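[1] what's the 3D shape of this:
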Amino acid sequence: MTRELQEKIQTLLNTFVAEGKERGAQVAVYIDGKLAVDVWAGVADVRTGVQVDGDTLFPAFSTMKGIQATAMHILAERGQIDYDTPIAHYWPEFAQNGKETITIRHALAHTSGIPYMPVDIGHAQLCDWDTMCRLVAQLKPAWPAGQKCFYHPITYGWILGEVARRVDGRPYQPFIEAEIGGPLGITTMFAGIPADLESRVAFLEEIPEPPPEIPPPALPPDQEGVPPFIKPLYDWMNRSDARRACIPGSNGIMNARAIARHYASLMPGGIDGVELLSPDRVRLATELQIPGEGFEEGVTPRRGLGYALGEGGSETGFGHGGHGGAAGYGNVPYRLAVGVTRNLFSSHDLAGLIAKEIRSALGITS
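    All right, here's what the predicted structure looks like:
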């Protein structure tokens, strides 16, 4: 089955590239702790013709959120943080403007009420960790914590990343390298790419969608989850300053192997003897955070503590996707872990099609 699945997905990637639906892509799949699929195809950089290989690095945007969630659960399992303790306990400056009662749980579940970005900033501020943490600490919640589940596209990264820094003492990237990359032998997972590795990052392109007949109304500046000055996002992540900054809510750079290996380590028994989290912790982290009165149905996927639930098209899947179609997820009953990367953004749902093939091969029906 493993060999057949590998060949099937390789053929799919080759076909999609030949048809122009993809430029370059990678897929990695772990089953029962073993690398069952490791394939790639296409061009990493259309400007130079450099081909994709297994080590090519791709901007994967919010796929990093799932990895950041794992980092927070590592701290929780060690007793260094508690989900229901206010963030201000760890980060006193965060208590400004009525945020005293926002907890770690609220932030992980996207219910903190601060999804919107600070106003009057530009690229220089966005790429500076200390500046953004200071500005996020000054934000006023758009609604009381816990009363609405609304996706936090970028602020999520600084909220949780600064808590981790205050508790652990290390900046975000070194913490991830030591606590996730180190035990798993992953050297290709970044929120802030080193300058000497940037040449390995794929160049992003986008096939534009037709504009809507009726353009959506412009949002007030203080209600922008993603500021207009970094749109289109594919173009933003072709910039060196965006790639090299640490913006863990939205600028993850990695390859498919790293994504899949991370989720494989969350399955029972882990991978190569390494379980980043205990099965009980994974079960707790992937419990649905039950919406209460005032939650908006359909605004955001079902949420666990840092993970989107139902990923990979299965009720038992959990993980996090990224803008443009990157994806990472695990499925505990099937001890399945998947990573998908791509560099041509379009309506072509590569991750969804790959998930369908995997579900078919494993007989996943729910």
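[2] where do the helices of the stretch 201-350 of the chain begin and end?
    233-236, 240-244, 256-264, 279-285, 350-362 (DSSP state H, counting those that start in this stretch).
[3] show me what the first one is packed up against.
    Translated: helix 233-236. strand 205-206 (3 or more CB pairs under 8 Å, 6 or more residues apart in numbering; DSSP states H and E). C-beta here means a position set from N, CA and C on the backbone, and glycine is covered the same way.
[4] could I get the average pLDDT for the strand it packs on?
    Across strand 205-206, the average pLDDT comes to 98.
[5] same thing with stretch 120-133?
    Mean pLDDT, stretch 120-133: 98.
[6] quick one, what contacts Q125?
    Contact analysis of Q125 by CB atoms under 8 Å, 6 or more residues apart in numbering lists P118, T131, M132, L135.
[7] which residues are in contact with the top strand by length along the chain?
    Taking DSSP state E as the criterion, the chain has its longest strand at strand 34-45. Outside of strand 34-45, the residues within contact range by CB under 8 Å, 6+ apart are 2, 5-6, 9-10, 13-14, 16-17, 22-30, 49-54, 56, 202-203, 256-257, 260, 343.
[8] and that strand, how far out from the chain middle?
    For strand 34-45, the separation from the chain centroid amounts to 19 Å (computed by CA atoms, centre = their mean, to the nearest Å).
[9] list the ones among the contacts of Q125 that fall in helices.
    Taking DSSP state H as the definition of helices, the contacts of Q125 contribute T131, M132, L135.
[10] what's the PyMOL line that selects buried ones from the contacts of strand 34-45?
    Selecting only the buried entries of the contacts of strand 34-45 in PyMOL, with 16 or more other CB atoms under 10 Å as the criterion:
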select buried, resi 5+6+9+10+13+16+17+22+23+24+25+26+27+28+29+30+50+52+56+202+203+256+257+260+343
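[11] all strands for the stretch 1-150 of the chain, in order.
    Taking DSSP state E, counting those that start in this stretch as the test, the strands found in the stretch 1-150 of the chain are 24-31, 34-45, 50-51, 58-61.
[12] make CSV out of the helices of the stretch 201-350 of the chain and add mean pLDDT.
    Listed next are these as CSV, based on pLDDT from 0 to 100:
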stretch, mean pLDDT
helix 233-236, 98
helix 240-244, 98
helix 256-264, 98
helix 279-285, 98
helix 350-362, 97
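[13] how close does the residue nearest the centre of the chain get to A195?
    Among the residues of the chain, the one closest to the centroid is T63, at 1.9 Å (CA atoms, centre = their mean). According to CB to CB, to the nearest Å, T63 stands 22 Å off from A195.
[14] repeat that for S314.
    39 Å.
[15] which residues of the stretch 151-300 of the chain score low on pLDDT?
    291-300 (pLDDT under 70).
[16] and the strands in it?
    Using DSSP E, counting those that start in this stretch, strands in the stretch 151-300 of the chain cover 189-190, 205-206, 252-254.
[17] just say which of those strands is most tucked in.
    The highest average neighbour count among the strands of the stretch 151-300 of the chain, using mean count of other CB atoms under 10 Å, belongs to strand 252-254 at a mean of 29.
[18] helices or strands up against it?
    Using 3+ CB pairs under 8 Å, 6+ apart, strand 252-254 sits against strand 58-61, helix 63-77, strand 189-190.
[19] quick one: which of those is nearest P216?
    strand 58-61 (21.1 Å; CB to CB).
[20] could you list the buried residues of stretch 72-80?
    Neighbour-count burial for stretch 72-80, counted by 16+ other CB under 10 Å, picks out M72, H73, I74, L75, A76, E77.
[21] equivalent analysis for stretch 281-290, please.
    Buried positions in stretch 281-290, judged by neighbour count with 16+ other CB under 10 Å: R281, V282, L284, A285, T286, Q289.
[22] for these, which one is nearest D272?
    Looking across the buried residues of stretch 281-290 and measuring by CB to CB, the closest to D272 is V282, at 17.5 Å.
[23] so what's the closest one up against?
    Taking CB under 8 Å, 6+ apart, one finds L266, V332 in contact with V282.
[24] quick check: longest helix of the protein.
    Longest helix in the chain, counting by DSSP H: helix 2-18.
[25] columns distance to Y156 on top of the strands of the stretch 151-300 of the chain, output as JSON lines?
    Below are the strands of the stretch 151-300 of the chain laid out as JSON lines (distance: least, CB to CB, whole Å):
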{"stretch": "strand 189-190", "distance to Y156": "17"}
{"stretch": "strand 205-206", "distance to Y156": "23"}
{"stretch": "strand 252-254", "distance to Y156": "12"}
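[26] out of those strands, nearest to A178?
    Here strand 189-190 is closest among the strands of the stretch 151-300 of the chain (CB to CB), at 11.9 Å.
[27] out of the buried residues of stretch 72-80, who's nearest D168?
    L75 (6.9 Å).
[28] which one is the closest one nearest to, not counting chain neighbours?
    I81 (4.7 Å; CB to CB, 6 or more residues apart in numbering).
[29] contacting residues for that neighbour?
    Applying CB under 8 Å, 6+ apart, the residues near I81 are M72, L75, Y90, I104, V163, V167.
[30] can you check G98 too?
    Going by CB under 8 Å, 6+ apart, the list of residues near G98 reads K140, P141.
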